[in-house]
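In: with the sequence up front, the predicted model follows.
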Amino acid sequence: MKKTTRLKNLIVNKPILKMPCAHDALSAMIAEKIGFKAVCVGGYGVSACLLGKPDIGLTSMTETVDHVRRIADCVDIPVFVDADTGYGNTLNVQRTIRYLERAGAAGVFIEDQASPKRCGHMEGKEVIPVEEILAKIRAAVDSRIDQDFIIMGRTDALAVNGLDDALNRGNRMIEAGADIIFVEAPQTIGDMEKINRIIEGPTFIVYLEGGKIPLSPPGEFEKLGYNVVAYAASGLYAAAYAIQKTFQEIMDTGETRTMVHQMIQFDDFNSLLGLPQIRAMEKKYSGNR
């Protein structure tokens with residue numbers, strides 16, 4: 001089955017799809033080995049890993065495409081990609097969809113923020129007029145080759161214009177052809193209930209430590225009506241914390257012996273990366289049996 005079709009089925013079927021955000025190829029591969037059925041590539045993690053910058057619209061389309069290509073190439077599970085604002089107008093959106101589809105993405109999401117965009121949990125966001133995001137959604141739908149390639153519409157209007165405008169935008173994006181809707185950063189259970197009562201299609205939510213959305217077990221999100229929960233920065237935050245702690249220990253003591261038990265070791269890490277299989281393949285094609 002195509003990755004696009006698998007992702008589509010995972011979205012519409014029960015149970016709720018738990019999708020970690022992979023900030024690089026290694027984290028995506030780990031997610032797959034653990035057993036996740038799909039991964040998300042968020043703009044937040046891409047900006048942090050590629051640029052060392054916060055998610056404020058600095059990442060380019062080509063940088064994202066190159067990063068996604070490497071991630072999609074190393075896993076066999078669907079990769080769902082944050083395409084920010086589509087990197088420009090409707091023509092830019094079409095180019096973005098074509099490039100990401102060729103790079104191996106199984107779907108993308110496009111948001112209605114005005115440039116410069118912000119992470120959905122930051123202050124100072126602005127949104128474009130509703131007709132502009134609808135045109136972007138239509139352009140995205142028209143440009144995909146595979147009709148199972150998922151197009152998700154994201155709206156940040158809740159924080160700017162209120163929930164009613166966000167719900168109106170979500171339903172109009174469904175009418176424009178979006179497969180699933182992401183109303184960003186609801187802050188109450190009541191808002192989440194209303195989102196799932198009013199939006200006439202599948203819905204998506206993020207789990208972000210320190211963010212605006214109340215943290216709940218995935219079963220609670222499913223009861224509210226959500227189809228997908230993405231863990232926006234859990235792996236990234238954990239990795240950054242571990243690196244910071246380890247490097248501080250090196251700075252302070254010049255060694256890591258007190259922390260070795262918290263690390264994966266040389267042979268295990270090579271095994272994680274598939275070195276035994278690579279060695280077997282080398283042996284097969286070298287003729288040394």
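Out: Yep, it's here.
In: check contacts around residue 195.
Out: Applying CB atoms under 8 Å, 6 or more residues apart in numbering, we find residue 195 in contact with 163, 166-167, 170, 183, 186, 203, 225. For every residue, glycine as well, the C-beta is placed using N, CA and C.
In: make a markdown table out of those residues and add pLDDT and neighbour count.
Out: Formatted as a markdown table, the contacts of residue 195 follow (pLDDT from 0 to 100; neighbours: other CB atoms under 10 Å):
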| residue | pLDDT | neighbour count |
| --- | --- | --- |
| 163 | 97 | 18 |
| 166 | 97 | 28 |
| 167 | 98 | 22 |
| 170 | 98 | 27 |
| 183 | 97 | 27 |
| 186 | 95 | 21 |
| 203 | 98 | 21 |
| 225 | 97 | 16 |
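In: double-check residue 105 against residue 72; I have them as touching.
Out: Yes: using CB atoms under 8 Å, residue 105 is in contact with residue 72, at 6.3 Å.
In: residues making contact with stretch 52-67?
Out: In contact with stretch 52-67 (CB under 8 Å, 6+ apart) are residues 24, 41, 43-44, 46-51, 81, 83-85, 87, 92, 95-96, 99-100, 103, 115-119, 122.
In: among those residues, which ones are in strands?
Out: With DSSP state E as the criterion, strands contain 41, 81 from among the contacts of stretch 52-67.
In: of the contacts of stretch 52-67, buried ones?
Out: Among these, those classed as buried by 16 or more other CB atoms under 10 Å are 24, 41, 43-44, 46-48, 50, 81, 83-85, 87, 95-96, 99-100, 103, 117-119, 122.
In: now the spatially closest residue to residue 186 that is not a sequence neighbour, what's its secondary structure?
Out: Distances taken as CB to CB, 6 or more residues apart in numbering put residue 192 closest to residue 186, at 5.0 Å, once the chain neighbours are dropped. In three-state terms, and counting by DSSP: H, G, I helix; E, B strand; the rest coil, residue 192 is helix.
In: give the contact list for residue 22.
Out: For residue 22, the contact set (CB under 8 Å, 6+ apart) comprises 28, 31, 39-41, 45, 71, 79, 235.
In: quick one, strands of the chain?
Out: According to DSSP E, the chain carries its strands in the segments 17-20, 39-41, 79-82, 107-111, 150-155, 180-183, 204-207, 228-231.
In: helices of the stretch 101-250 of the chain, residue ranges please.
Out: Along the stretch 101-250 of the chain, counting by DSSP state H, counting those that start in this stretch, helices occupy 130-143, 157-161, 163-175, 189-198, 218-224, 234-253.
In: may I see those helices arranged in TSV, with distance to residue 13 as well?
Out: Below are the helices of the stretch 101-250 of the chain laid out as TSV (distance: least, CB to CB, whole Å):
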stretch	distance to residue 13
helix 130-143	22
helix 157-161	27
helix 163-175	19
helix 189-198	17
helix 218-224	12
helix 234-253	24
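In: which one of those lies nearest to residue 10?
Out: Among the helices of the stretch 101-250 of the chain, helix 218-224 comes nearest to residue 10, with 13.2 Å by CB to CB.
In: what mean pLDDT does that closest one have?
Out: Averaging pLDDT along helix 218-224 gives 94.
In: what does stretch 278-289 give?
Out: In the prediction, stretch 278-289 has an average pLDDT of 82.
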